[in-house]
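with the input below, show me the fold.
(2 chains)
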Amino acid sequence: MSVLLLAALALPGGLVTALLAGRRHAAFAVGLATAVACVVLAASIDAADTVPIAGSLIGGSDGLRTLAVAWAVSTLLFGVIDALLGDGPAVLGPALIGLGVGAVGLSAADAGIGFTFLTAGAILAAVVPIGMVHGGSAAAPGLGLRSLRPLLAAGLISLVAVAWGASAVGPYAALGAPGQIDPALAAGLGMALLAIAAATTIRLGAIPAHVWAARYAEAMPASAVPPVLGWGAAAFVLVALGWVDVTISTTGAPLATERGIIALIAASSIILGGIAAIVHDDIEHVLAYSIVQDAGIALLAFSAPGATAAVAGRDWILAAVAVKSGLAAWVLVTRATFGPHRRVDLRGWARRSPILGLALALVLLGAVGLPGMASFDARGTLIRLALPGPLAMIVLLAAFAPVVFIGRLLVGGVDTMAEPVRSAAHATARIRGFRMVGWAGDDSPLRVAPAAIWANRYPLAAVAAVLATILGLSVAIGGLGSTAVGEGP
Amino acid sequence: MNPILAGIALAVTAGAVIAISAREARAGLVGLAIALGAAPFLADPLPQVSTLALRVIGAALAAYLLRAAVATVPGLTAGRWGEPTRGGSRLGWPAEALMAIAAWIVGVGISARLEALSPTGPGNPAGDVLGLLTPAALATSVGLASIVVGLVPAFAARDALRTAIGALILIQGLFLVRIGVAGAPSDLEQLAGVALLVAAAVGGGVLVGAEARRGAGHDDGSESVPARTGSGRIGPADR
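Next up is the predicted model:
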């Protein structure tokens, strides 16, 4: 029931927030209140709470609770950051709608329902902010079309695979005796696996379908990235892994060629994504290509048979998304605080804003990981299971590229300050000397508190970014905590 | 063959062809409304009244959202009867209709094979053509026809309206194929389908509006202006 309540609250709350975008204060009040309530409702999702509705089952699970809480908290934190930085509520409303639709999609027992809801949520979360952020700019229609089409393609390809699985030639109807698989069915299973992997590749923005994701991350505010390329994509992967578990893995078909193709694509995404993140100087590009690299590691879960790979894939995608949401928060606040987006112009940023320095250090810890952390173990497991020895070593080395591209940003942060960083007016906290609002001369807390918040909005946004990175680190340590999300047929 | 279902199938196909090939925006939207509004009735047995109503209202809402977005477009030039125009199919409606017919034939063939393979099916397909036009075959055929005519505009059109119409026809077609090959969906799955249709229409409407604002900005010779957020500040993407 909590999932339904979450959706019943997030959908109208997000819609009202989006419709009130012209009235900034009202929109943020509604949106942030909805986000807080969503966090509470997400935390109350119960694994034993299954509700029959409209001919299907909507059920909670421990994994769904973990994901929904992290998703809701991330939405809340980005809403707070946007409110503090003076950006409009263009992202918060669609993000809440995406959260509500995504929670229902994840909780549905049927993968077809899950893919359909998640595609609907992704289209709304991606395209609506483009119209609101870019308005009448010449780039808006092109960016919107380039974002709409991959999301639509991923959803439709996955629905074709699900329809095949449920048809008379699918494995449920056509599976023969145990250990015997009809060659036609084996071919169908292979094509279905490739189709789901292709849909996942497009949805995550892995190489070779990375262009749309890179352009989206580059053109939109960083707060718009997690709802589309983060949480929504993670939910898609969870449903896809659940469908593969039930439909393909249970048949016992080896599908070595198909899995090899997927492993090759995943390896190229890991290696090239890591190289691109290292080569690029722009922090938004670093964010985009680090997501591309993470997507490659998630794809490995489709190339390795067995439950171990699926569990590792679930742990990895959730941890990666949570950590990269922290990186997105750091990018958003750093850009707003200092202005430039090139590394060379951001020298000394950590000396000017140590809170942001702490945030990026936590991102580095979450992205690289330590033995015993769920994300670290999941990454190693996926690479070991999916790739042969020498290639596994190369890919494992490439997977540690965050040491270079995030570490380099950190090192540059303690360098001599560049001019834009030195001249940033609001980077550090102010304790006194606020400009009061209104004509009255008293110093009542009702007047001091808003003035203090406004004067310290950038440091406060940096604190929110630290909280986002702590969320990412905690998820990277604990993982999904369950394998029960998206296991429907 | 159920003649009523066959009539509905023809109406959905005709609506899809009109939606994709019409040059006038309003004619395209009428075709879209016909295709989306009639498709829920292409089932035997029909879904519950509430589900049927939901799908019809969802289809009407999707078409209306695009209509509302098109109504705000000042840049569209007037056609022969004062209708706003857009780029229709370059192939023209006869070619689109022929492709739809070809997809129908393929759909009937697929459905016949699936029915023969189905554990609950008759084992052998009917001998005559009319006997092959079962409800499942009609759904599969219309769905494939919609996919065939909707695929190119959805993924290769240059303007937002044509892309949105193509996407809606494509989504509808996929759901019909799913009904044809895998049986009647649950009510929740149909609700999810409505959500996807409406989401695609909202997305399409937003892009049609953005395209119109860009067109208006270029018409008066001005450069596109940076978007402003609710507080009047320039959005971060335009800084």
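
flag the shaky bits of the stretch 201-350 of chain A, pLDDT-wise.
The stretch 201-350 of chain A contains no residues with pLDDT under 70.

buried set for the helix-or-strand element of chain B with minimal mean pLDDT?
The least trusted helix or strand in chain B, going by mean pLDDT, DSSP states H and E, turns out to be helix B:129-132, with a mean of 73. For helix B:129-132, burial by neighbour count (16 or more other Cβ atoms under 10 Å in any protein chain shown) applies to B:Leu132. Where you see a C-beta, it was placed from the backbone N, CA and C, and this is true even at glycine.

that one packs against which elements?
helix B:93-117 (3 or more Cβ pairs under 8 Å, 6 or more residues apart in numbering or on different chains; DSSP states H and E).

pLDDT score for B:Ala6?
At B:Ala6, the model reports a pLDDT of 89.

contact partners for it?
B:Leu133, B:Leu138 (Cβ atoms under 8 Å, 6 or more residues apart in numbering or on different chains).

burial count for the residue of the stretch 1-150 of chain A at minimum distance from chain B?
Nearest to chain B, among the residues of the stretch 1-150 of chain A, is A:Gly88, at 2.9 Å (Cβ to the nearest Cβ). Residues contacting A:Gly88 under the criterion other Cβ atoms under 10 Å in any protein chain shown number 26.

and what about it, helix, strand or coil?
What DSSP: H, G, I helix; E, B strand; the rest coil gives for A:Gly88 is coil.

my guess is it contacts A:Ala21. True?
Yes. Assessed by Cβ atoms under 8 Å, A:Gly88 is found in contact with A:Ala21 at 6.0 Å.

could you pull out the strands for chain A?
With DSSP state E as the criterion, chain A has strands at A:50-53, A:56-59.

partners of the first one, with directions?
For strand A:50-53, the paired strands and their directions (DSSP bridges) read strand A:56-59 (antiparallel).

now do the same contact list for the nearest residue to A:Leu76 once chain neighbours are set aside.
Nearest in space to A:Leu76, with sequence neighbours left out and distances taken as Cβ to Cβ, 6 or more residues apart in numbering or on different chains, is A:Ala35 at 3.9 Å. By Cβ under 8 Å, 6+ apart, the contact set of A:Ala35 is A:Gly13, A:Ala72, A:Thr75, A:Leu76, A:Gly79, A:Leu92, A:Leu96.

dump those residues to a markdown table, plus neighbour count.
Putting the contacts of A:Ala35 into a markdown table (neighbours: other Cβ atoms under 10 Å in any protein chain shown) gives the following:
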| residue | neighbour count |
| --- | --- |
| A:Gly13 | 24 |
| A:Ala72 | 28 |
| A:Thr75 | 29 |
| A:Leu76 | 24 |
| A:Gly79 | 26 |
| A:Leu92 | 32 |
| A:Leu96 | 32 |
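
tell me the pLDDT of residue 177.
The chain I'm using is chain A. The score at A:Ala177 is 65. That number is its pLDDT.

should've been chain B
Confidence for B:Val177, expressed as pLDDT, is 92.

how many neighbours does it have?
26.

in three-state terms, label it for me.
Strictly by three-state DSSP, B:Val177 counts as helix.

distance of it from A:Leu159?
Taking Cβ to Cβ, to the nearest Å as the measure, B:Val177 falls 9 Å from A:Leu159.

next one: A:Ala386
26 Å.

repeat that for B:Leu29.
For B:Leu29 relative to A:Leu159 (Cβ to Cβ), the value is 25 Å.

equivalent analysis for B:Ile20, please.
B:Ile20 sits 21 Å away from A:Leu159, going by Cβ to Cβ.

looking at the two, which is more packed in?
Between B:Ile20 and A:Leu159, counted using other Cβ under 10 Å, the more crowded position is B:Ile20 (32 against 24).

that one reaches B:Gly92, doesn't it?
No. Assessed by Cβ under 8 Å, B:Ile20 is found out of contact with B:Gly92, at 10.5 Å.

excluding chain neighbours, what is closest to the residue nearest the centre of chain A?
For chain A, A:Gly230 is the residue whose C-alpha lies nearest the centre (Cα atoms, centre = their mean; 1.1 Å). Distances taken as Cβ to Cβ, 6+ apart place A:Val321 nearest to A:Gly230, at 4.3 Å, with adjacent residues excluded.

burial check on the one you found, number of neighbours?
Residues near A:Val321, counting by other Cβ under 10 Å, number 28.

same deal with A:Gly380?
17.

just the pLDDT for it.
93.

and it, how close does it get to A:Met132?
To A:Met132, A:Gly380 is 41 Å away according to Cβ to Cβ.

chain center to the helix ranked longest in chain B, what's the gap?
Across chain B, the helix with the greatest residue count (assigned by DSSP state H) is helix B:187-219. The chain centre lies 12 Å from the centre of helix B:187-219; the measure is Cα atoms, centre = their mean, to the nearest Å.

element containing the residue nearest in space to the middle of chain B?
Per Cα atoms, centre = their mean, the C-alpha nearest to the average position across chain B is that of B:Ile169, at 1.7 Å. Element membership for B:Ile169, per DSSP states H and E: helix B:160-182.

hey, what's the angle from the longest helix of chain B to helix B:160-182? Just curious.
Helix B:187-219 runs at 160 degrees relative to helix B:160-182, counting by axes from the mean of the first three to the mean of the last three Cα atoms, to 10 degrees.

now do helix B:187-219: which elements does it pack against?
Packing partners of helix B:187-219 (3+ Cβ pairs under 8 Å, 6+ apart): strand A:56-59, helix A:111-134, helix A:140-166, helix B:49-71, helix B:160-182.

which positions within that helix qualify as buried?
Buried, per 16+ other Cβ under 10 Å, within helix B:187-219: B:187-217.

over to stretch A:254-264?
A:Leu255, A:Glu258, A:Arg259, A:Ile261, A:Ile262, A:Ala263.
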